[in-house]
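*Asks:* Structure for this input, please:
(one chain, ligands or ions: 2)
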Amino acid sequence: MTTPIIRTESLTRFYQRGPHEVRAVDGVSLSVSTGEFVALVGASGSGKTTLLNLLAGLDTPTSGDIWSAGTRLCDLSARELARYRAQRVGVVFQTFNLVGHRTALANVELALYFTDIPRHERRQHAARLLEDLGLGDRLDHRPADLSGGEQQRVALARALVKNPTVLFADEPTGNLDSDNSDKIADLLIDLNRRGLTIVLVTHDQELAARCARRVVRMHYGKIVDDSSTEPGESAP
Ligand SMILES: Nc1ncnc2c1ncn2[C@@H]1O[C@H](COP(=O)(O)OP(=O)(O)OP(=O)(O)O)[C@@H](O)[C@H]1O
Ligand SMILES: [Mg+2]
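*Replies:* Ligands and ions are numbered 1, 2, ... in the order given. Coordinates of the predicted model:
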């Protein structure tokens, strides 16, 4: 049994909206092992993004715990948590969250700001990755001057450039045509083969089946199914 890189216990995240309580994440106990590729699926509103944000240390739970490589996130100081986010996890947001007034290159380079990579190497690193993702001729474009699919690839480059231990990707192919979507799927599969742990949120059953050996299904904030396939078997 490999070590869990992420583990949660009875995790909840409730939102209070006037008299109503939205149980976005409702008692999730989940363990993700080093090197796993997990697809998180479920209907719109089932809590996928909320769970992903909690795992990435971007949001704090209402109750319950999250451990990352044995460290309980709620025991970290604000500074340590910022370090965790900056160095250990890469996040591709459903809505990209690129900095609008910065170029594609600068957006990716910015992700290296809190890492140990020497300043003079950051630009080179960022440019190389963008080139690998087919954006070599878009380095100087601002997000508004890029297509949705191109912005998505910049967001992916920004998440990957710091060599995270876990990649959290929220619908990373949601804005791509099938060709580009296939390319991103191939890239994710390759990164996972090289050891990157990936948690992928997707509506796309085909993508989930193609990429991930394990599919976790959410329904109204709870995990209702968690199934794995053996190598060579077709995914559920
Ligand atoms: N800031 C918030 N305040 C109140 N309710 C929220 C907030 N953020 C999310 N919710 C609610 O929590 C639930 C889960 O939302 P979440 O964004 O995690 O769903 P999702 O599974 O990612 O959906 P989608 O597939 O549409 O992206 C939804 O009912 C949503 O309306
Ligand atoms: Mg979402």
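
*Asks:* in the helix or strand where Ile5 lies, what's buried?
*Replies:* Here Ile5, judged by DSSP states H and E, is contained in strand 4-17. By 16 or more other CB atoms under 10 Å, the buried positions in strand 4-17 come out as Pro4, Ile5, Ile6, Arg7, Thr8, Leu11, Thr12, Arg13, Phe14. For every residue, glycine as well, the C-beta is placed using N, CA and C.

*Asks:* Return the member of the residues you listed nearest to ligand 2.
*Replies:* Each of the buried residues of strand 4-17 was scored against ligand 2 by CB to the ion, and Arg13 proved nearest at 13.0 Å.

*Asks:* on that earlier part again, residues in contact with the strand holding Ile5?
*Replies:* 21-34, 36, 47, 50-51, 54-55, 59, 61-69, 165-166, 197, 199, 221 (CB atoms under 8 Å, 6 or more residues apart in numbering).

*Asks:* Enumerate the residues of the protein near ligand 2.
*Replies:* Residues of the chain lying close to ligand 2 by CB under 5 Å from the ion are Thr49, Gln94.

*Asks:* what kind of secondary structure is the residue lying closest to Gly148 once chain neighbours are set aside in?
*Replies:* Distances taken as CB to CB, 6 or more residues apart in numbering place Asn175 nearest to Gly148, at 3.7 Å, with adjacent residues excluded. Under DSSP: H, G, I helix; E, B strand; the rest coil, Asn175 falls in the coil class.

*Asks:* Specify the helix with the largest residue count in the protein.
*Replies:* The longest helix of the chain (DSSP state H) is helix 178-193.

*Asks:* and the helix or strand following that one, average pLDDT?
*Replies:* Moving toward the C-terminus from helix 178-193, the next helix or strand (DSSP H and E) is strand 197-201. In this model, strand 197-201 has an average pLDDT of 97.
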